[in-house]
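1. Mind folding the following:
(2 chains)
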There are 2 protein chains.
Amino acid sequence: MPEPQGEKRDVLQEVTPEVVAEARALAAAQRHAALATLDPADGHPVASRVNILVGSDGVPIILVSGLSPHTTALRADPRCSLLIGEVGKGDPIAHPRLTLRCRAEELVHGSEADLSARSHWLEAHPKAKLYIDLPDFAVMRLVPERVNFVAGFGRAYVMDGAVYLG
Amino acid sequence: MPEPQGEKRDVLQEVTPEVVAEARALAAAQRHAALATLDPADGHPVASRVNILVGSDGVPIILVSGLSPHTTALRADPRCSLLIGEVGKGDPIAHPRLTLRCRAEELVHGSEADLSARSHWLEAHPKAKLYIDLPDFAVMRLVPERVNFVAGFGRAYVMDGAVYLG
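-> Numbers count the residues shown, from 1 in each chain, chains lettered A, B, ... in the order given. Purely as a prediction, here's the structure:
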């Protein structure tokens, strides 16, 4: 992420509980993200769009088709990254965003956690009723392990997943 | 990318010149993207936001700070991916988007190509005048090698970079 003021990494700011809350609120407000995965064929990074739903525990979930390349990628290597945050007017890189480094955990189809996640998913993404019951659709939790939060000009933070999830 | 109609990959549609033009126009209209790179420390995929400018040759360029993690990543491994395309109303995954698999090529600072790129960059991103002349800022071309284009429901295409660039 470019730092428009030329700041150095060692001026990363202190992560307070308020900063964590701000980062969590940014993620919770979003319904989609960019997902970075590794192509299992050659290790090439691949960016794709996903819908997301962030639970009250702060862990984003995704609903994915078994036919999608990123699903195959996550099943082969669960390391992934989400870029979360909308762009508005003005310089796109002036807007707050989060980069979460995550580990994907697929929920067992039909398990209690899976059924609960699907119910919440349909509340957040009602259009998903068109395809959520297709047999190849799966729910994955993307558990944050490291978080980079750019809150604005001169406001950049890095925190461990455990700090982010509280 | 989830396929809401449960379509299989083997129903990918034929890439006509009109499809290429549609994909190129989508990219040319965008000023920002999500960039997927590989962390040189551990190979972890990382998603970040970048401003972009797509030249008339179809190759996106980015202006990056030497202090940014994605710059370090691209210098260590030029393989990367751009997700291009805005989300509008309705289901986010119903909106057209491109995933470009690219190879990053850094322009030599002060070369003719670099100076030309910086001039075009400032036309597209006037706010960059605040930082474009800082000594650590570099221009990179992200040369597409493979393109996935989701034009809408049931309209998915894959094309080689050479076809996309024409």
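2. All the helices of chain A, residue numbers only.
-> Secondary structure of chain A (DSSP state H): helices at A:17-28, A:69-76, A:112-124, A:161-165.
3. winner for burial among those helices?
-> Across the helices of chain A, averaging neighbours per residue (mean count of other Cβ atoms under 10 Å in any protein chain shown) puts helix A:69-76 on top, at a mean of 20. Where C-beta positions appear, they are placed from N, C-alpha and C, glycine not excepted.
4. Bridged to the residue lying closest to A:G55 once chain neighbours are set aside, which residues?
-> Using Cβ to Cβ, 6 or more residues apart in numbering or on different chains and skipping residues adjacent in sequence, the residue nearest A:G55 is A:I61, 6.5 Å away. With DSSP bridges as the criterion, A:I61 is bridged to A:L53, A:R141.
5. B:R97 is nearest to which of the helices of chain A?
-> Closest to B:R97 of the helices of chain A is helix A:69-76 (Cβ to Cβ; 12.8 Å).
6. gap between A:A156 and A:R97?
-> Here the criterion is Cβ to Cβ, to the nearest Å. By it, A:A156 lies 11 Å from A:R97.
7. between these two, which one's more packed in?
-> More neighbours surround A:R97 than the other of A:A156 and A:R97, with 26 against 17 (other Cβ atoms under 10 Å in any protein chain shown).
8. Turn the helices of chain A into a markdown table, including mean pLDDT.
-> Below are the helices of chain A laid out as a markdown table (pLDDT from 0 to 100):
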| stretch | mean pLDDT |
| --- | --- |
| helix A:17-28 | 97 |
| helix A:69-76 | 97 |
| helix A:112-124 | 97 |
| helix A:161-165 | 97 |
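9. Nearest to chain B among these would be which one?
-> Proximity to chain B, assessed across the helices of chain A by Cβ to the nearest Cβ, is greatest for helix A:69-76 (7.0 Å).
10. got a list of contacts for the closest one?
-> Residues from elsewhere that reach helix A:69-76 (Cβ atoms under 8 Å, 6 or more residues apart in numbering or on different chains): A:35, A:37-40, A:46, A:48, A:50, A:64-66, A:80, A:104, A:106, A:138, A:140, B:1, B:148.
11. okay, the helices of chain A in TSV with distance to B:L130 next?
-> Shown next, in TSV, are the helices of chain A (distance: least, Cβ to Cβ, whole Å):
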stretch	distance to B:L130
helix A:17-28	24
helix A:69-76	36
helix A:112-124	37
helix A:161-165	30
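12. Pretty sure A:E145 sits against A:C102.
-> Yes - here A:E145 reaches A:C102: they are 6.4 Å apart, a contact under Cβ atoms under 8 Å.
13. more neighbours, those two?
-> A:C102 (28 against 17).
14. Which strand residues bridge that one?
-> Beta bridges link A:C102 to A:C80, A:P144, judged by DSSP bridges.
15. That one contacts A:L82, correct?
-> Yes - A:C102 is within contact range of A:L82, at 6.2 Å (criterion: Cβ under 8 Å).
16. what residues are shared contacts of those two?
-> With contacts defined as Cβ under 8 Å, 6+ apart, the residues shared by A:C102 and A:L82 are A:P60, A:L142.
17. show me where pLDDT drops low in chain A?
-> A:1-11 (pLDDT under 70).
18. wait, what's in contact with A:W121?
-> Here A:W121 is in contact with A:L53, A:I61, A:L63, A:A128, A:I132, A:V139 (criterion: Cβ under 8 Å, 6+ apart).
19. Switch those residues over to JSON lines; also include neighbour count.
-> As requested, those are exported to JSON lines (neighbours: other Cβ atoms under 10 Å in any protein chain shown):
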{"residue": "A:L53", "neighbour count": "22"}
{"residue": "A:I61", "neighbour count": "24"}
{"residue": "A:L63", "neighbour count": "22"}
{"residue": "A:A128", "neighbour count": "20"}
{"residue": "A:I132", "neighbour count": "14"}
{"residue": "A:V139", "neighbour count": "24"}
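20. Nearest to B:S119, out of those: which one, please.
-> B:S119 lies nearest to A:L53 out of the contacts of A:W121, by Cβ to Cβ, at 43.3 Å.
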